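Q: A predicted structure for the sequence below; I have some questions about it.
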Amino acid sequence: MPDLTNSQIAAALDELGDLYELDGAIVHRVVAYRTAAKAVRESSTSVAALARAGRATQLAGVGKTLQEKIVTLLETGDTPSAQKLRAKFPAGLIEMTRAVPGLGPKRARILYDELGIDSIEALREAAATQSIRGLRGFGAKAEENILASLVAFDAGDVPGVRLLLPKALNAGDAIVDALREHPASDRVELAGSARRLADSVKDLDVIATAHEPAELSRALSELELIESTGRPTEAGVRARTHTALPVDLKIVAPDQFGNLLQHFTGSKAHNMAMRDAAVRRGLHISEYGILDDATGETLRCPREEQVYERLGYQFIPAELREGRGELEAAARGELPDLITEADLRGELHAHTTASDGRATLEEMAFAAREGGFEYLAITDHSATHGFGNEVSPDQLKVQIEKVHALNEKLDGIELLAGSEVNILPDGSPDYEDELLAQLDWVIGSVHTSFRIGEQAMTERMVAAIEHPLIDAIGHPTGRKIERRAPYPVDMEKVIEAAARTGTMLEINASPDRRDLNDVHARAAAEAGVLILVDTDAHKISDYGFRRWGIATARRAWLTRDQVANTRPWPEFAALRKRALVR
DNA sequence: GCCGTTTTCGGCCCGACTGTTTTCAGTCG
């Protein structure tokens, strides 16, 4: 049996946290489980392997006890504590807390202990028959809230659906623009995970200062893209867009704008780590200021930079604020000089009408030159793509000539004849080596047979990486954000193989992929792998995807030097594996 | 359960809101 993945171990720790919470454990113990779950989920190496080696404690938030529990989990498939607690509390209790906002573990416990309510159905019945009111802490309002929440739950209106970043930013930017134009506003900024350019976004945080705050709150509720709102006040308003995205507008005094922006940009983990460090120095951070125990004075910051300055940190770009060591690096003044969109010089992954693209070779080439690219690899799908748009070996030979001929004619951009070849289940590419050798550039990608298991997939990827004519691996984990989990693959071994062979790994910039993700891209770059930021363009406008690829690269702490296609063509050309091995 | 410029015990981020209370616990972000 293969080892549990990091997500599986994290899920087990989260479950234990939920169970202990129902059991009435002190909150810090529950938080300890959740913190550890997060560290496990974000670990770029196999936590199962770490735990077996007795080294899982090197993860922040994992101590001796959890290290042992993880080992038990690996050896027996479960933990005795989870088994015991599951027998004590039916799974319906946790489902109830997920379905009804405002019903947490403490209150769910009361319902279970006093009335035996152990499922969503039992809860509905009890609320409908008014048997909940009268319990300590519950009234008629509670029953109303439960019934209303369950109606929404039945209708599939579950809270917590996440929107892809571009869609969230569309709404967020529209709201910010509209509020900035409003006469009542002074400053308006988008905060939250959208500002951190996360993969997907659960809600929008908009923060503002205004000389007529109540009026600005009302203005938000009247925007066309807003579906419904709460009560607008001087402090702000909660609303929801027609795309079911919650929007939180917060308004404060101008001299606290920096504190508020910092606080609502988050992440939660970043803020908690920063506050924790501050408390040890006698400082207390909130969205309203920084309280100094020694003087009893609160420092209000009009600008966000001042918050970090007062605490002795370098300014931390929003993309890095995930509680992944950025505070320690900022304290030492060692934050990376992050890559920007302007640093990209080449595009190494693009399709044309020869396979499933919508634009011709000429159109893609001209648009790339217009967009400032100095080199472009045409990488249509290969012989086994199999959606009616595969490129046979003979067709590829024609395509190579066409690309080279156009390259002769075209000034200002270097065109590469390439291919995105399928990595077959045994790890081999689906063209003959002789044909691959005629190409200037080859990306290998997995498009089929996702469910062959972690070990087989890892061997398949490593075999492809070791092929001398595969220069780079495209979208290495195959995930589709919010739609499809990555296929099981040992990324540690993939990264090791890439580093050893000089194979580049791609950050595919398509906004539903962003694959490699931030954690893997960081680990790969630290291991010495050269990263590519590619758009995988299927039409001209897709070149704009580079924005999302750069977002992931920045969240991965990448500098310009760690991304291969920031280099001028002659330098890049020499870094291709086919150039290295000759 | 974790962790240490408060080192092996005694703390652990901060505030708003809600519904229930009459001073606050629970929930949420």
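A: Received the coordinates, thanks.
Q: residues contacting the closest residue to residue A:548 other than its chain neighbours?
A: Distance criterion C-beta to C-beta, 6 or more residues apart in numbering; nearest residue to residue A:548, sequence neighbours excluded, is residue A:511 at 4.5 Å. (Each C-beta comes from the backbone N, C-alpha and C, glycine too.) Listed by C-beta atoms under 8 Å, 6 or more residues apart in numbering, the contact set of residue A:511 reads A:164, A:165, A:166, A:481, A:545, A:548.
Q: mind running it again at 6 Å?
A: With contacts taken as C-beta atoms under 6 Å, 6 or more residues apart in numbering, residue A:511 has the following neighbours: A:164, A:166, A:548.
Q: do the same with residue A:368
A: Residue A:368 is in contact with A:347, A:376, counting by C-beta under 6 Å, 6+ apart.
Q: Mind doing that once more with 7 Å?
A: Under the criterion of C-beta atoms under 7 Å, 6 or more residues apart in numbering, the contact list for residue A:368 reads A:347, A:376, A:413, A:543.
Q: and these, which of them are in helices?
A: Using DSSP state H, no member of these falls in helices.
Q: And the furthest pair within those?
A: Within the contacts of residue A:368, two members stand farthest from each other by C-beta to C-beta: A:413 and A:543, at 12.6 Å.
Q: Three-state assignment for the residue nearest to residue A:548, please.
A: Following DSSP: H, G, I helix; E, B strand; the rest coil, residue A:511 is assigned to coil.
Q: show me where pLDDT drops low in chain A?
A: Applying pLDDT under 70 to chain A picks out residues A:1-2, A:158-160, A:387-388, A:581-582.
Q: Which residue of it lies farthest from its centroid?
A: When distances to the mean C-alpha position of chain A are computed (C-alpha atoms, centre = their mean), the maximum falls on residue A:134, with 44.3 Å.
Q: So that one versus residue A:34, what's the distance?
A: In this structure, residue A:134 lies at 33 Å from residue A:34, with C-beta to C-beta, to the nearest Å as the measure.
Q: Let me see the ranges of the helices in the stretch 351-500 of chain A.
A: Across the stretch 351-500 of chain A, reading from the start of the chain, the helices by DSSP state H, counting those that start in this stretch fall at A:361-370, A:393-409, A:433-436, A:454-466, A:491-501.
Q: I'd like to check which residues are in contact with residue A:315.
A: If a contact means C-beta under 7 Å, 6+ apart, then residue A:315 has A:305, A:308 as its contacts.
Q: isn't there a strand covering it?
A: No. With the criterion set as three-state DSSP, the secondary structure at residue A:315 is coil rather than a strand.
Q: my guess is residue A:304 contacts residue A:263, does it?
A: No. Here residue A:304 does not reach residue A:263: they are 9.7 Å apart, not a contact under C-beta atoms under 7 Å.
Q: Angles on the backbone of the residue of the stretch 351-500 of chain A at minimum distance from DNA strand B, please.
A: Proximity of the stretch 351-500 of chain A to DNA strand B (C-beta to the nearest atom of the strand) peaks at residue A:482, 17.8 Å away. Geometry field for residue A:482 lists phi and psi as phi 70, psi 0, criterion degrees, to the nearest 10.
Q: quick one: residue A:153 from residue A:103, how far?
A: From residue A:153 across to residue A:103, the span is 11 Å (C-beta to C-beta).
Q: what does residue A:428 give?
A: When residue A:428 is compared with residue A:103 (using C-beta to C-beta), they lie 54 Å apart.
Q: which of these two has more neighbours?
A: Higher neighbour count among residue A:428 and residue A:103: residue A:103, with 20 against 17, using other C-beta atoms under 10 Å.
Q: In a helix, that one, correct?
A: No. Read with three-state DSSP, residue A:103 is coil and lies in no helix.
Q: The residue of the stretch 351-500 of chain A closest to DNA strand B and residue A:165 touch, don't they?
A: No. Counting by C-beta under 7 Å, residue A:482 sits too far from residue A:165 to count as a contact (10.5 Å).
Q: what about the closest residue to residue A:178 other than its chain neighbours, which SS state?
A: For residue A:178, the nearest residue in space outside its immediate sequence neighbours is residue A:223; the separation is 5.6 Å by C-beta to C-beta, 6+ apart. Assigned with three-state DSSP, residue A:223 falls in the coil class.
Q: State the distance from residue A:223 to residue A:181.
A: As judged by C-beta to C-beta, residue A:223 and residue A:181 stand 11 Å apart.
Q: neighbour count winner among the two?
A: Neighbours per residue (other C-beta under 10 Å) separate residue A:223 from residue A:181, with residue A:223 holding more: 17 against 10.
Q: Would you agree that one is in contact with residue A:177?
A: No. Taking contact to mean C-beta under 7 Å, the distance of 10.3 Å between residue A:223 and residue A:177 leaves them out of contact.
Q: and residue A:84, that's in a helix?
A: Yes. The assignment for residue A:84 (three-state DSSP) places it in a helix.
Q: Show the contacting residues for residue A:376.
A: Applying C-beta under 7 Å, 6+ apart to residue A:376 gives the contacts A:346, A:347, A:350, A:365, A:368, A:413, A:415, A:416.
Q: who wins for most neighbours among the residues you listed?
A: Scoring the contacts of residue A:376 on neighbours with other C-beta under 10 Å, the highest-scoring entry is residue A:350 at 30 neighbours.
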